[in-house]
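**Student:** Sharing a model prediction with you, sequence too.
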Amino acid sequence: MRTRDCGRGAGGADSAPGALAGGRPCSGAVRLTFVSICATASRALGEPLAGTAATARTWLLVEQPGPWGAKALTSSRLDPVLGRRLEEAARGTGVRLGLIRRPGRTAPTSTRRVFAAHVVPGRGWVHEAEIESAEDAERLLGLDLKELGAGNAASFLDAADGLAGTPYTGAPLVCVCANGKRDRCCALLGRPLAAELHAAGTEGLWEVTHLGGHRFSPTLLVLPYGYAYGRADAALALAAQRAAASGRVLLDGCRGRSVWERPEQSAELAVRAETGEERAEALTVRTLPPGEAPAVHRVRVEHRDGRRWTAEVVRTVAEDARPESCDAAPALPARFEVARLAAEAPAH
């Protein structure tokens with residue numbers, strides 16, 4: 001339901017209980033009220049997807065069947081002490097941890113899969129390993145996460161002290177955010193999507209604990225390239241997987257490549273939209289020193305054929321309050337929009 005509001009805005013004395021921005025209807029700003037889940041509000045308000053992907057240079061995904069709590073690494077059937085130590089070890093390394101499981105009911109097994117994926121353009125890789133028992137999971141603590149974040153997989157591949165991993169050669173991984181204890185959108189929207197893809201026989205499919213951006217549910221991550229997607233359906237997920245299998249990126253529903261910060265994600269997607277470039281490894285991105293306007297992010301996007309662009313990315317705030325997750329108070333989330341995109345002379 002949409003209503004016009006001349007009350008005091010979200011959380012003000014005139015706000016109606018449960019409203020995003022309540023108050024008595026009247027002329028003025030258009031507000032959205034009485035929505036059940038955060039994804040409904042985000043979609044209704046047309047919130048842009050570009051530049052909203054969680055950031056990570058390397059993803060470390062550990063299979064953990066069974067229920068997940070809101071903070072899954074320490075509230076699942078994984079040893080919480082192990083989960084806490086992994087969280088501490090990952091801080092500041094560029095590694096993002098997640099638990100994964102197969103959709104639906106699965107037969108109990110002590111063997112669990114582990115994936116490590118480095119998503120820096122031109123230097124990426126995906127490796128896999130198996131953990132044979134709960135006790136064997138302690139070997140995860142032997143991983144050098146700082147080196148994994150930098151793109152060195154030696155500790156993952158090492159047979160003596162690591163996980164004896166091997167290069168992953170299967171279908172691109174499609175990881176659908178489905179942790180309903182973290183946010184109910186992920187249960188109401190993510191799990192049905194994962195179930196539909198599972199019923200269709202999708203290879204490389206996993207549910208994952210947290211990708212950020214609940215309000216863009218259903219959300220998913222596609223590896224090896226690390227592009228995230230929002231408001232996905234089965235057709236989009238399969239198209240994104242097919243694109244990744246051929247070394248391309250699907251632009252529809254794309255939130256950005258996780259290796260880059262949010263302003264850089266927006267700039268890269270703007271260049272792709274401008275040029276139609278779909279090859280995943282064709283572009284690299286870096287932030288330039290600030291110009292005369294420090295609030296403007298200056299981002300250089302370079303094509304491997306020598307072309308390059310400078311994007312001016314501005315941090316703006318949404319005009320309409322909306323919850324960033326289902327149990328959160330209404331807020332005005334930041335977004336990063338490309339205000340100007342200029343082609344430059346090719347580098348020599």
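**Tutor:** Sure, I can see it.

**Student:** Next up, the contacts around residue 123.
**Tutor:** Counting by C-beta atoms under 8 Å, 6 or more residues apart in numbering, residue 123 touches residue 151. In this view, the C-beta of every residue, glycine as well, is placed from N, C-alpha and C.

**Student:** Correct me if wrong, but it is in a strand.
**Tutor:** No. Checked against DSSP: H, G, I helix; E, B strand; the rest coil, residue 123 lies outside a strand; its state is coil.

**Student:** which regions of this protein sit below the pLDDT cut-off?
**Tutor:** Within the chain, the set of residues satisfying pLDDT under 70 comprises 1-36, 108, 347-348.

**Student:** Scan it for its longest helix.
**Tutor:** For the chain, the helix with the greatest residue count under DSSP state H is helix 262-275.

**Student:** Packing partners of it?
**Tutor:** strand 254-257, strand 283-287, strand 296-303, strand 308-317, strand 334-344 (3 or more C-beta pairs under 8 Å, 6 or more residues apart in numbering; DSSP states H and E).

**Student:** Reformat those strands as TSV; add distance to residue 185 and mean neighbour count.
**Tutor:** Below are those laid out as TSV (distance: least, C-beta to C-beta, whole Å; neighbours: other C-beta atoms under 10 Å):
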stretch	distance to residue 185	mean neighbour count
strand 254-257	15	26
strand 283-287	29	18
strand 296-303	29	20
strand 308-317	22	18
strand 334-344	19	15
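
**Student:** ranges for the strands of the stretch 101-250 of the chain?
**Tutor:** 112-118, 125-131, 166-167, 173-177, 205-208, 220-223, 227-229 (DSSP state E, counting those that start in this stretch).

**Student:** Redo those strands as TSV? Include distance to residue 85.
**Tutor:** Formatted as TSV, the strands of the stretch 101-250 of the chain follow (distance: least, C-beta to C-beta, whole Å):
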stretch	distance to residue 85
strand 112-118	16
strand 125-131	15
strand 166-167	25
strand 173-177	23
strand 205-208	21
strand 220-223	24
strand 227-229	27
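
**Student:** Out of the ones you listed, which is closest to residue 104?
**Tutor:** Counting by C-beta to C-beta, residue 104 lies closest to strand 205-208 out of these; the figure is 9.3 Å.

**Student:** Adjacent strands (with direction) for the closest one?
**Tutor:** Next to strand 205-208 in the sheet, as set by DSSP bridges, lie strand 95-101 (antiparallel), strand 173-177 (parallel).

**Student:** which one is residue 203 nearest to, not counting chain neighbours?
**Tutor:** Leaving out its chain neighbours, the residue that sits closest to residue 203 by C-beta to C-beta, 6 or more residues apart in numbering is residue 171, at 4.0 Å.

**Student:** if we can go back for a sec, looking at the strands of the stretch 101-250 of the chain, which is closest to residue 150?
**Tutor:** strand 112-118 (8.6 Å).

**Student:** Please name every helix or strand in contact with that closest one.
**Tutor:** strand 58-63, strand 125-131.

**Student:** most packed of those?
**Tutor:** With neighbours taken as mean count of other C-beta atoms under 10 Å, those reach their highest mean count in strand 58-63, at a mean of 24.

**Student:** who does that strand touch, helix- and strand-wise?
**Tutor:** Counting by 3+ C-beta pairs under 8 Å, 6+ apart, strand 58-63 packs on strand 95-101, strand 112-118, helix 145-149, strand 205-208.

**Student:** Identify whichever of those lies nearest to residue 194.
**Tutor:** strand 205-208 (5.1 Å).

**Student:** residues in contact with the closest one?
**Tutor:** 61, 63, 98-103, 173-179, 190-191, 194, 197-198, 221.

**Student:** Check the offset of that strand from the chain's centre.
**Tutor:** 13 Å (C-alpha atoms, centre = their mean, to the nearest Å).
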